[in-house]
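Novice: Sharing a sequence plus its predicted fold:
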Amino acid sequence: MTAPLRIGILDGDDIGLEIVPASVAIARAAAELHGVAIDWHPLPVGARALESHGHTLPPETMAALKTLDGWILGPIGHRAYPKGPNAINPHPILRKSFNLFANVRPTRSYPDIGCLHDGVDLVIVRENNEGFQPDRNMLVGNAEFRPNDEVTLSMRVITRTGSRSVARAAFELARQRRKHLTYVHKDTVFKLGCGMFVEECKRLAPEYPDVLVDDVIVDTMAMRLVRDPQSFDVIVTTNMFGDILSDEAAGLVGGLGMAPGLCIGDGNIAMAQATHGSAPDIAGKGIANPYAMVESTRMLFDWLGHSRDNPGAVRLAASMSRAITAALADPQARTGDIRGKGNTATFTQAVLRNLTK
Ligand code: ATP
Ligand code: MG
């Protein structure tokens, strides 16, 4: 018998408290339908963990995560945290501690929800641990400093290993999709930093003769995403370019509520994390669009199915996918940000209703 999948539930803050339970309810129901054994592990994180455990990322949570196959992380409202050593933003620690170097962010258009283009189906693979947002304990201390009141220096870290790792993740993904990989950079200006990223992308290309490889300069990419997003399959890029381009891509297909993500690394563990933040402006109203979080959860199970050789998890993910598509097609069920009349609960119920074997 296949061992139960060990999955963490980290609600996060604000709308996380609404969209994470919705995602777990859907995954639980799909797992039951397909006979997939899952051990669920709710773990404290964020503002509520600060109150209950005195830390936004308690040591108990970190220790428990190390025993899991993956987890669902809700958005974190770290900007509202009080200042102090126990009120840290957990994101960079989680990504770095578990070597989650690739952030896989799909963008797909669905009918009638206000997409700017039909037929978009692309994935941005964003480097997760380097760039202008390197982890504090990586190579540099603070990545920004001010030698005098007039001047600020911002440091951008690019490493060969980091570049090669994220490029390989993107090549592998392209191979499973339409076999087209575009690497995005600006080596015309950042000859050393982007230059190194480009060198590593080029170096891997001969290992993937079945993948069509091309490159686009980041400013051109910003324009082309608006004009002809259908011409891309997998896009790989450095941290900040990926951050900006993936929000742009979300804007093409209905906004941040439509922007899921999965953080992956060397294959041991994965973290489902929507691209959007904790949206405190709409928290507690029951109107947040759970799609991004639900779809991130679906991606986690699909990834686990393949990496753990667990066909039930692949089927679970496929049935979630069909149910999500059906719920998005129902204007009474889907949320207001994507031209719906529904709310978090109606969307969740519609996905649950549409789950089939
Ligand atoms: P962060 O720095 O954490 O990325 P942000 O400043 O980008 O945060 P978000 O919290 O992502 O801000 O949200 C920006 C706005 O987008 C929110 O105020 C909210 O109105 C909208 N939004 C984000 N996520 C959702 C969602 N799931 N459903 C509906 N609206 C959302
Ligand atoms: Mg943001």
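Specialist: Right, received. Where do you want to start? Ligands and ions are numbered 1, 2, ... in the order given.

Novice: Which residue is the nearest non-sequential neighbour of the closest residue to ligand 1 within the chain?
Specialist: Closest approach between the chain and ligand 1, counting by C-beta to the nearest ligand atom: G277, at 2.4 Å. (C-beta placed from N, C-alpha, C; glycine too.) Counting by C-beta to C-beta, 6 or more residues apart in numbering, P75 is the residue found nearest to G277 once chain neighbours are left out, at 5.2 Å.

Novice: and what of L43?
Specialist: Of all residues not flanking L43 in the chain, T61 sits nearest, at 4.5 Å (C-beta to C-beta, 6+ apart).

Novice: can you list the residues of the stretch 151-300 of the chain near ligand 1?
Specialist: Residues of the stretch 151-300 of the chain found near ligand 1 (C-beta under 6 Å from any ligand atom) are 256-257, 276-279, 281-282, 288-289, 292.

Novice: ok, which pair from these is furthest apart?
Specialist: Within those, D281 and A292 form the most distant pair, 16.3 Å apart (C-beta to C-beta).

Novice: between the two, which one's more packed in?
Specialist: The neighbour comparison of D281 against A292 (other C-beta atoms under 10 Å) goes to A292, with 26 against 8.

Novice: Tell me who's in contact with that one.
Specialist: By C-beta atoms under 8 Å, 6 or more residues apart in numbering, the residues touching A292 are 19, 256-261, 274-276.

Novice: which one is it nearest to, not counting chain neighbours?
Specialist: A274 (3.8 Å).

Novice: so what's the one you found up against?
Specialist: 19, 74-75, 259-261, 292-293, 296.

Novice: Kindly report the same for A329.
Specialist: Residues near A329 by C-beta under 8 Å, 6+ apart: 110-112.

Novice: Likewise for L181?
Specialist: L181 neighbours (C-beta under 8 Å, 6+ apart): 170-171, 174, 208, 211-214, 233-236.

Novice: Buried members of the residues you listed into PyMOL, please.
Specialist: Burial among those is assessed by 16 or more other C-beta atoms under 10 Å; the matching PyMOL selection reads:
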select buried, resi 170+171+174+208+211+213+233+234+235+236
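
Novice: I'd like the contacts of L181 laid out as a markdown table, including secondary structure and pLDDT.
Specialist: Below are these laid out as a markdown table (DSSP: H, G, I helix; E, B strand; the rest coil; pLDDT from 0 to 100):
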| residue | secondary structure | pLDDT |
| --- | --- | --- |
| A170 | helix | 98 |
| F171 | helix | 98 |
| A174 | helix | 98 |
| Y208 | coil | 98 |
| V211 | coil | 98 |
| L212 | strand | 98 |
| V213 | strand | 98 |
| D214 | strand | 98 |
| D233 | coil | 98 |
| V234 | strand | 98 |
| I235 | strand | 98 |
| V236 | strand | 98 |
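
Novice: out of the contacts of L181, what pair is the most spread apart?
Specialist: Of all pairs in the contacts of L181, the most separated under C-beta to C-beta is Y208 and I235 at 15.3 Å.
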